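> the following comprises the amino acid sequence and a computationally predicted model.
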Amino acid sequence: MAEPEGALDFDLALLRSNYDVATPPFRSHRKLLGRPIIFLKNFARELLIQLLVRQTAYNGAASRLITHLRHQLDRMAEENGHLAQRLAVLEARLASQSQDSKSFETETLSVSDATGGGIDQHGSRGNGAGENGGVGARSTPRLEKRR
């Protein structure tokens with residue numbers, strides 16, 4: 001299930017603002033033990049600095065990449081909307097042309113039948129004569145339904 005847009009925006013902003021784990025200063029709310037605790041934390045940070053610098057570089061790259069991908073995804077969604085609109089217009093135009101073509105075909109066949117130049121039993125256009133080459137009665141054109 002997809003997360004709501006607001007949650008994704010919040011997570012992305014959080015990632016951007018907190019990717020640097022090596023340099024933020026330590027603070028302590030303790031009055032008496034605060035300074036020694038901060039000293040120990042800074043000492044531990046110096047031991048871990050190489051690891052923290054690498055993690056900070058990775059976090060920064062991930063943040064930039066995710067931001068780029070998010071912008072690209074937004075552009076693609078917008079383009080997809082435009083393409084969907086174009087498709088709907090083209091499908092409507094095609095349906096209209098198909099309907100016009102069927103109407104024209106029906107009119108042409110009815111005019112052809114009225115003038116005697118219909119389609120014979122073998123599916124060829126002619127003068128309306130049947131299998132006998134013009135001898136005898138005319139054959140009735142047979143139209144089959146398209147599926």
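Perfect, I can see it now.
> what's the weakest-modelled helix or strand in this protein?
helix 5-17 (a mean of 79; mean pLDDT, DSSP states H and E).
> which strands and helices sit next to that helix?
helix 34-115 (3 or more C-beta pairs under 8 Å, 6 or more residues apart in numbering; DSSP states H and E). Where you see a C-beta, it was placed from the backbone N, CA and C, and this is true even at glycine.
> off-centre distance for the helix it packs on?
How far helix 34-115 lies from its chain's middle: 7 Å, per C-alpha atoms, centre = their mean, to the nearest Å.
> which regions of this structure sit below the pLDDT cut-off?
Where the chain drops to pLDDT under 70, the residues are 1-3, 112-147.
> repeat that for 90
For the chain, the stretches with pLDDT under 90 are 1-57, 59-60, 97-147.
> follow-up on the earlier one: touching the least confident helix or strand of the chain from outside, list them.
With contact meaning C-beta atoms under 8 Å, 6 or more residues apart in numbering, helix 5-17 is reached by 59, 62-63, 66-67, 70.
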